[in-house]
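Participant: Dropping the sequence and predicted coords here.
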Amino acid sequence: MPLIGITPIWDKKEGCICLYPGYIRGLEKAGAVPVILPLFVSEAVLKQIAESLDGFIFSGGGDLDPKWYGEAKSEYCGEACEERDTMEAYLFREAVLNQNKPALGICRGIQLFNAFLGGTLYQDLPTEFPSAIGHRQNRPFDVPAHAIRLLSESPLCKLFGEERLEVNSHHHQAIHKLAEGLEIMAVADDGVVEAVYMPARPYVWGVQWHPELMPNEEATAKLFASFVGSAERAETL
């Protein structure tokens, strides 16, 4: 079974790393071995991780420091974790760009893919992109918040076999300027980017919603299965 690394959330209040169990259960159900990654380690350790694992999930969590996309931090941007930003930047460069390892970005993950490739983010949707659509739903998170439109002929549309999907939503940041090398796969009805991919890579997908918090949805199972399948194919090369 492919070994899949998952970047963890940093809980500053508790001084610990954590992760929603849906990531682990989703990967195991899809036939992979989940590995929760460390944060406070050297580049030498990260290099070995990048070389040893078969794929990576860049999970949700806190905001990315705007310095990564060349902007000053606004008053509405949340607190960043420098160690996490640095670790994920290294892994993305080494594992994904240099070694062509499959990667799936979820919420924060899709945002950092865009930022690390030269795009920008809305630091706060409510103030920078007001909308009637609620992108930051309250609990429970395992129910849909709004619909998204899947672009016809996109890999995501082909995977799900439909052009509309109901998703949950819990984010206040999103892609602003799309990075070169990324193509959009889905948008919300207000135009907010909900999914992207890198056509030049075997499998680099990002989604803005939280499939790990909707474990019983058919779309969640299909998404994790497509990612794990890519990691399995990469193993045989």
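Facilitator: Sure, I can see it. Note that the coordinates shown come from a computational prediction; the quantities given were computed from them, not determined experimentally.

Participant: Correct me if wrong: Pro144 contacts Asn168.
Facilitator: Yes - counting by Cβ atoms under 8 Å, Pro144 does reach Asn168; the two are 6.0 Å apart. C-beta coordinates here come from the backbone N, C-alpha and C atoms, glycine included.

Participant: For this protein, which segments count as strands?
Facilitator: 3-6, 9-11, 16-18, 33-36, 55-58, 103-106, 121-122, 146-150, 164-167, 174-175, 183-188, 193-197, 204-207 (DSSP state E).

Participant: Could you look over the ones you listed and pick the most buried one?
Facilitator: Scoring those by mean neighbour count under mean count of other Cβ atoms under 10 Å gives strand 103-106 as the most buried, with a mean of 28.

Participant: just checking, what packs against it?
Facilitator: When contacts are defined as 3 or more Cβ pairs under 8 Å, 6 or more residues apart in numbering; DSSP states H and E, strand 103-106 packs onto strand 55-58, helix 108-116, strand 204-207.

Participant: Tell me which of Pro144 and Asn168 has more neighbours.
Facilitator: Asn168 (18 against 15; other Cβ atoms under 10 Å).

Participant: Isn't the more buried one up against Asn138?
Facilitator: No - applying Cβ under 8 Å, one finds Asn168 not in contact with Asn138, separated by 10.9 Å.

Participant: which neighbours do the two share?
Facilitator: Here Asn168 and Asn138 share no contacting residue, scored by Cβ atoms under 8 Å, 6 or more residues apart in numbering.
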